[in-house]
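Novice: Any chance you could fold what I've pasted below:
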Amino acid sequence: MSHRRTIRGTNQAATILTVVADILAAVLGLWILMYLLDANRANDLVGFIHGAARWLAGWSHDLFTFDDAWARVVAGYGLAAVVYLVVGHALADRLRRY
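Specialist: Just a heads-up that it's a prediction; the model follows:
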């Protein structure tokens with residue numbers, strides 16, 4: 001019975017980890033979309049998403065120095081989104097194996 005609870009708990013933790021990684025990547029993807037569509041930065045929702053995305057991609061923001069601003073945004077924030085997805089899902093898969 002204890003082993004069964006451990007497996008269920010591990011699966012739940014893996015599911016939570018996957019959902020969190022997906023949400024983080026979605027925030028970053030949403031900011032990329034808002035930027036490309038020239039969303040009104042004075043809007044509170046746009047400002048919130050931009051702030052959250054900038055914080056999440058702090059390590060990859062301005063990592064690339066393309067001449068076009070849109071390419072820097074897509075590459076910098078997109079890289080962070082991909083890393084969150086890959087690492088989050090890989091860790092979740094490792095949890096599910098135990």
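Novice: C-alpha from now on. contacts and neighbour counts both.
Specialist: Noted.
Novice: Nearest to the middle of this structure, which residue? Look it up for me.
Specialist: A25 (2.4 Å; CA atoms, centre = their mean).
Novice: Find the nearest non-adjacent residue to that residue, please.
Specialist: Leaving aside its sequence neighbours, A25 sits nearest to A81 (CA to CA, 6 or more residues apart in numbering; 4.3 Å).
Novice: any idea which helix or strand carries that neighbour?
Specialist: Element membership of A81, judged by DSSP states H and E, is helix 69-97.
Novice: mean confidence for that helix?
Specialist: Averaging pLDDT along helix 69-97 gives 95.
Novice: Please apply the same query to stretch 17-37.
Specialist: 98.
Novice: just to revisit the earlier point, got a list of what the residue nearest to the centre of the chain touches?
Specialist: A25 is in contact with A80, A81, V82, Y84, L85, counting by CA atoms under 8 Å, 6 or more residues apart in numbering.
Novice: Name the residues of the strand or helix carrying T15 that come out as buried.
Specialist: Assigned by DSSP H and E, T15 belongs to helix 2-36. Residues of helix 2-36 classed as buried by neighbour count (16 or more other CA atoms under 10 Å): 10-11, 14-15, 17-22, 24-32, 34-35.
Novice: Check which helices and strands the helix or strand following that helix is in contact with.
Specialist: Counting by DSSP H and E, the next helix or strand C-terminal to helix 2-36 is helix 44-56. Contacts defined by 3 or more CA pairs under 8 Å, 6 or more residues apart in numbering; DSSP states H and E place helix 44-56 against helix 2-36.
Novice: Kindly calculate the angle that the helix it packs on makes with helix 69-97.
Specialist: For helix 2-36 against helix 69-97, the angle by axes from the mean of the first three to the mean of the last three CA atoms, to 10 degrees is 170 degrees.
Novice: quick one: helix 2-36 to chain centroid distance?
Specialist: Centroid displacement of helix 2-36 relative to its chain, using CA atoms, centre = their mean, to the nearest Å, is 9 Å.
Novice: OK, contacts around A14?
Specialist: Counting by CA under 8 Å, 6+ apart, A14 has contacts L91, A92, D93, L95, R96.
Novice: what about the third one, neighbour count?
Specialist: Neighbour count of D93, defined by other CA atoms under 10 Å: 16.
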